[in-house]
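Engineer: Quick one: sequence and predicted model below, then my questions.
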Amino acid sequence: MSVILEVNKLRKEYKDFTLRDISFSLERGYIMGFIGPNGAGKSTTIKLIMNLLKKDGGTVKILGLDSVENEIEVKERIGFVYDQNYYYDELTIGETKKVIAPFYHQWDDTLYNKYLKLFDLDSRKKIKDLSKGIQMKFSLTMALSHHAELLIMDEPTSGLDPVVRRELLQILMDILQDEKKGIFFSTHITSDLDRVADYITFINKGEIALSTSKDHILENYGIVKGKKAFLEQCEIENLIGVRENRFGFEALTKDKNKTRKLFGDKVIIDKPTLEDIMFFHIDEEVM
Amino acid sequence: MYNIFAILVLQEFFSSFLIASIVTPYLLLQTAVVYEDMNKTEIVLNSLPIKKDKLIMARYLSIFVYLVISVFIYISISFLIGIIDLPFKVESVTISGFVVAIMSLGILTSIYLPVYYKYGYIKAKLFHILFVMAAFFLPTFIVEIFNDNPDAAFVRSVNGFIQSISKGGLNLILVVLTCLIMTLSFFLSVCFYKKREF
């Protein structure tokens, strides 16, 4: 089974916000970054995948199984890391492990001790006495100690300093060395995804703006900068988030080769970062 | 600590055993609920591979674990007071008292937990005062109704029934009744909790 996570036309309606037709898939051995601005629907999507919210439409399949009908079997095989600690903070690491481990048939104490040592965690310390970075490492330890095949993470690096963030991201890359696992993590820190993600899904205002491989983005997307006159003269396709000022315009193109053919040397086409892509999409001015 | 307080201070006003066996377990249940609310642990619990009805069942059964612990502590304190020969009268533990404790706790829990599972801790707290007052005053109120209306048909039939069965039989009926009430409450809680979102 190659596809580890498949979300199809997921929908959730609230009074003032709707998650609409969310569709993407992730294969084993890859990391998918789920980016979007604050309030875009990242956490809502993850909660729907984890069955913490009831969906109004669509399907979620994890490891080929429906996430609602096969809820227990699915949860046995996935690990989760949320943006903050939700374990009992009065318990120690060791006590928390004694509470959580029996829930998983595949719990592996050898694996648990390995990560405990790797992350330098002290079992005697209370959860509330741990720093945010150590709490995140502890959550990751719990998520990885039962041979989880899919790791779902909701903004795991938010609030962490750059050193700890980089350390955590390196750990994620190491986890994927055996190419049997998949990692799905949401973030609004695009530099994290620049570093580790294979696939990017960008969500904005409850809708998927793009879902593709990072390589595809780097090969095809570009920031176009040029004189305003070009916008008026030509029919422009594939331009996103056009921004005009006194001197000219800049926009994001989904097909820089096509744009280059259209404009030739009259425009500059720069390589975008993921942050640029998010920035241009947010404006929603599509020509 | 609350059991010690009940024996040393409250025994003049209330049955110290009933306080130790009803109030203490109920407070322990509330403490567990508060900790879960503070840490939002429901998010983790509902992410684990366990069905919601098992989580709820564990909560219902936990009240009896708290009861056993509380009664054990109460007996230990009474024993110590007896050995040290302190000038406090300690109410002894009886089977009837224990049955009343099970019934009261069972009814309290059966009312509180569905409200908690439907509305969450904060809103359920509003009902909390009513529950505690009901636990204290309702039994006395019911007994007064019975004493003031000895000739009422219902009172006579209940009194007749109680007198016709043995004490052991009555205790058994009360325990079975409590279990039935708790079972109904459990299914209601499951129904509410399955619809909750986190």
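Structural biologist: That came through, no problem. Numbering: from 1, shown residues only, chains lettered A, B, ... in the order given.
Engineer: Break chain A down into its domains, please.
Structural biologist: Domains of chain A are assigned by automatic domain parsing as A:3-216, A:221-283.
Engineer: What mean pLDDT does the longest one get?
Structural biologist: Mean pLDDT, computed over domain A:3-216, is 92.
Engineer: likewise stretch A:271-287?
Structural biologist: Rounded mean pLDDT across stretch A:271-287 is 74.
Engineer: just to revisit the earlier point, of the domains of chain A, flag the one that's most buried.
Structural biologist: Mean neighbour count (mean count of other C-beta atoms under 10 Å in any protein chain shown) peaks for domain A:3-216 among the domains of chain A, with a mean of 18. In short, each C-beta sits where N, CA and C put it, glycine included.
Engineer: just the residues of chain B that are near chain A, which are they?
Structural biologist: Applying C-beta under 8 Å from any C-beta of the partner chain, we find that chain B lies next to chain A at B:35-36, B:38-41, B:43-44, B:46-51, B:195, B:197-198.
Engineer: let's see 10 Å
Structural biologist: Counting by C-beta under 10 Å from any C-beta of the partner chain, the positions of chain B adjacent to chain A are B:32, B:35-36, B:38-52, B:54, B:194-198.
Engineer: where does chain B have low pLDDT?
Structural biologist: B:1-15, B:85-91, B:131-132, B:134-136, B:138-140, B:146 (pLDDT under 70).
Engineer: For it, which segments count as helices?
Structural biologist: Secondary structure of chain B (DSSP state H): helices at B:2-8, B:16-18, B:24-39, B:42-45, B:52-84, B:95-119, B:121-148, B:153-164, B:167-195.
Engineer: Now chain B against chain A: closest residue?
Structural biologist: For chain B and chain A, the shortest gap (C-beta to the nearest C-beta) falls at B:Pro49, measuring 3.8 Å.
Engineer: that older thread, can you put the domains of chain A in TSV and add distance to chain B?
Structural biologist: Shown next, in TSV, are the domains of chain A (distance: least, C-beta to the nearest C-beta, whole Å):
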stretch	distance to chain B
domain A:3-216	4
domain A:221-283	27
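Engineer: any chance of those domains in JSON lines, with distance to B:Ala152 too?
Structural biologist: Shown next, in JSON lines, are these (distance: least, C-beta to C-beta, whole Å):
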{"stretch": "domain A:3-216", "distance to B:Ala152": "50"}
{"stretch": "domain A:221-283", "distance to B:Ala152": "74"}
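Engineer: ok, the residue nearest the centre of chain B - contacts?
Structural biologist: The centroid of chain B falls nearest to B:Leu105 when counting by C-alpha atoms, centre = their mean (1.2 Å). B:Leu105 makes contact with B:21-23, B:25-26, B:29, B:63-64, B:66-67, B:70, B:135, B:178, B:182, according to C-beta atoms under 10 Å, 6 or more residues apart in numbering or on different chains.
Engineer: Need the buried ones from those residues selected in PyMOL.
Structural biologist: This is the PyMOL syntax for the buried subset of the contacts of B:Leu105, where burial follows 16 or more other C-beta atoms under 10 Å in any protein chain shown:
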select buried, chain B and resi 21+22+23+25+26+29+63+66+67+70+135+178+182
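Engineer: what about the strands in the stretch 101-250 of chain A?
Structural biologist: Assigned by DSSP state E, counting those that start in this stretch, the strands in the stretch 101-250 of chain A fall at A:150-154, A:182-187, A:199-204, A:207-213, A:222-226, A:239-244, A:249-253.
Engineer: could you give the angle of the longest one to strand A:199-204?
Structural biologist: Comparing the axes of strand A:207-213 and strand A:199-204 via axes from the mean of the first three to the mean of the last three C-alpha atoms, to 10 degrees yields an angle of 170 degrees.
Engineer: Now strand A:207-213 - C-alpha only, CSV.
Structural biologist: Provided in CSV are the C-alpha atoms of strand A:207-213 (Å, rounded to 0.1, in the frame of the first residue of the first chain):
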residue,chain,number,x,y,z
GLU,A,207,-9.7,25.8,0.5
ILE,A,208,-6.7,24.1,-1.0
ALA,A,209,-4.8,26.6,-3.2
LEU,A,210,-2.2,24.1,-4.3
SER,A,211,-1.0,20.6,-3.5
THR,A,212,2.1,19.4,-5.4
SER,A,213,5.7,18.3,-4.9
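Engineer: Thanks again, I'm all set now.
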